[in-house]
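S.K.: Here is a sequence with its predicted model. Questions after.
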There are 2 protein chains.
Amino acid sequence: MSGIEVLFFDVLGTVVDWRGSITAETRAFLKRHEAEQVDAGALADAWVGRYDASVDPIRAGTRPFVPLDILNMENLTATLAVFGLDPAALPQDELEDLNQAWHRLKPWPDAVEGLSRLKQTHIVAPLSDGNTRLLVNMAKRAGLPWDTVLGADIFRAYKPMPEVYLGACSLLGVSPDRAMLVAAHDYDLDGARLCGMKTAYVRRDHAADPSKIGERVVSADWDYNASDLVELADMLK
Amino acid sequence: MSGIEVLFFDVLGTVVDWRGSITAETRAFLKRHEAEQVDAGALADAWVGRYDASVDPIRAGTRPFVPLDILNMENLTATLAVFGLDPAALPQDELEDLNQAWHRLKPWPDAVEGLSRLKQTHIVAPLSDGNTRLLVNMAKRAGLPWDTVLGADIFRAYKPMPEVYLGACSLLGVSPDRAMLVAAHDYDLDGARLCGMKTAYVRRDHAADPSKIGERVVSADWDYNASDLVELADMLK
């Protein structure tokens, strides 16, 4: 394992607490719009839970690539309607601001320290379905010390499409066996491994896509299993 | 000018002293190989001076894109031969190491402070003909605090091809008029302005492509003219 030069990180759920962050911003939004009868956690999970299905047509090639910001907005308006709120009756700039909550996702408590330590010995970069600007805004706000930022819009593809993993390795100038994906999601690690990359699983409570809870099967055979990014830094030092 | 969100930086000559750095590494290389009779500065300038012409076929579409690392190696072997050194007689790993000197280019003395200050109020990113790994290695070594790194291999094109400037604005989620290119080279600023971006000229002694010295005409009508990146930070604060 000593030949690993580059660590790529899944971000949504692995580095940041997407469900918790979206719930908090949704709750504030509902309060501002006097809709506190709506369950913020349920609405947030329904919104986040549409993400995977909304990406599927792009993965399948039946829809041209659009960045996550656009999918999130489509999913937000659909979710609000399901919860009895008419998106057309809400100010557009307020909807845009709520959608920007994805640019403000908060890191898990260990993330900044873990990444800072891992950066001392490796190149560290997100490899996320988020678009590049979303990831840059998030990093500036949260202090995530990336060496560079790789959003899905660079590859015009979403994980686990192989062009994402292989394209990232090519841009960082490494063969896949000298790169490792760090992620809390098995399907993502599977995609990386199929491309020849090393894999590190990080356990995260509340990290799963809400639409997939119950489906998750943790494999025991990833190259590393860590409870958080600080523990991973200990393992790799 | 208050609407500028993203600052893109030319790197070779603008942020780092390419000619000085390459000369120093070339001199050490010649010493190791008992070829101190060769003028290191002349060889380095000849090597750097081939860069622009070697990119031209890619700009013209008559050669498929290859990253700068590959062009640099082609130019290095051609230059050594011109100076009476047979590249085939030199160890390949030593040639690779000298070629990697481009990953180790040293920043101008004001660069880290200037970028650090500009990063407080703007997104800062290189927009360079260098490949992404070259720029990441350089940044880690020199402490350049980029928010993200955009190499030519992301766009598979070289400046001043418009797809580089427009692609960079798209990835960073800004319209061109909310982005500014900072560069020491007029042709680069011209390319950015043609795409609708703002422009900041930074005066750098010894920054010009050696093949173009004498051709350079400094325009007075860039949006900003600064003597270095610290002065630019003063202007934009």
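M.R.: Okay, I see it. Numbers count the residues shown, from 1 in each chain, chains lettered A, B, ... in the order given.

S.K.: contacting residues around A:Arg117?
M.R.: Each residue near A:Arg117 by C-beta atoms under 8 Å, 6 or more residues apart in numbering or on different chains is listed here: A:Val230, A:Ala233, A:Lys237. Where you see a C-beta, it was placed from the backbone N, CA and C, and this is true even at glycine.

S.K.: Most neighbours among these, which one?
M.R.: Highest neighbour count within those: A:Ala233, with 22 neighbours (other C-beta atoms under 10 Å in any protein chain shown).

S.K.: Torsion angles phi and psi at the residue nearest in space to the middle of chain A?
M.R.: Note on chain A: the residue nearest the mean C-alpha position is A:Leu12, at 2.1 Å, using C-alpha atoms, centre = their mean. When read as degrees, to the nearest 10, the backbone of A:Leu12 gives phi -70, psi 100.

S.K.: A:Ile123 too?
M.R.: The phi/psi pair for A:Ile123 (degrees, to the nearest 10) reads phi -80, psi 130.

S.K.: picking up where we left off before, okay but the residue nearest to the centre of chain A is in contact with A:Asp129, surely?
M.R.: Yes. The criterion here is C-beta atoms under 8 Å, and A:Leu12 meets it with A:Asp129 at 6.7 Å.

S.K.: The residue nearest to the residue nearest to the centre of chain A when sequence neighbours are not counted: neighbour count?
M.R.: Excluding its sequence neighbours, the residue lying closest to A:Leu12 (C-beta to C-beta, 6 or more residues apart in numbering or on different chains) is A:Trp18, at 4.7 Å. Per other C-beta under 10 Å, the neighbour tally for A:Trp18 reads 25.

S.K.: So A:Trp18 sits against A:Val48, correct?
M.R.: Yes. If you go by C-beta under 8 Å, A:Trp18 and A:Val48 touch, sitting 6.2 Å apart.

S.K.: roughly how far apart are the residue nearest to the centre of chain A and chain B?
M.R.: A:Leu12 sits at a distance of 18 Å from chain B (criterion: C-beta to the nearest C-beta, to the nearest Å).

S.K.: do the same with A:Asp234
M.R.: 22 Å.

S.K.: Dump the one helix or strand that residue maps to to PDB, restricted to CA.
M.R.: Taking DSSP states H and E as the criterion, A:Asp234 maps to helix A:229-236. In PDB, the C-alpha atoms belonging to helix A:229-236 read as follows (Å, rounded to 0.1, in the frame of the first residue of the first chain):
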ATOM      1  CA  LEU A 229     -10.600  10.300   8.400                       C
ATOM      2  CA  VAL A 230      -8.300  10.800  11.400                       C
ATOM      3  CA  GLU A 231      -8.200   7.000  11.900                       C
ATOM      4  CA  LEU A 232      -7.400   6.600   8.200                       C
ATOM      5  CA  ALA A 233      -4.500   9.100   8.600                       C
ATOM      6  CA  ASP A 234      -3.200   7.000  11.400                       C
ATOM      7  CA  MET A 235      -3.400   3.900   9.200                       C
ATOM      8  CA  LEU A 236      -1.600   5.500   6.200                       C
END
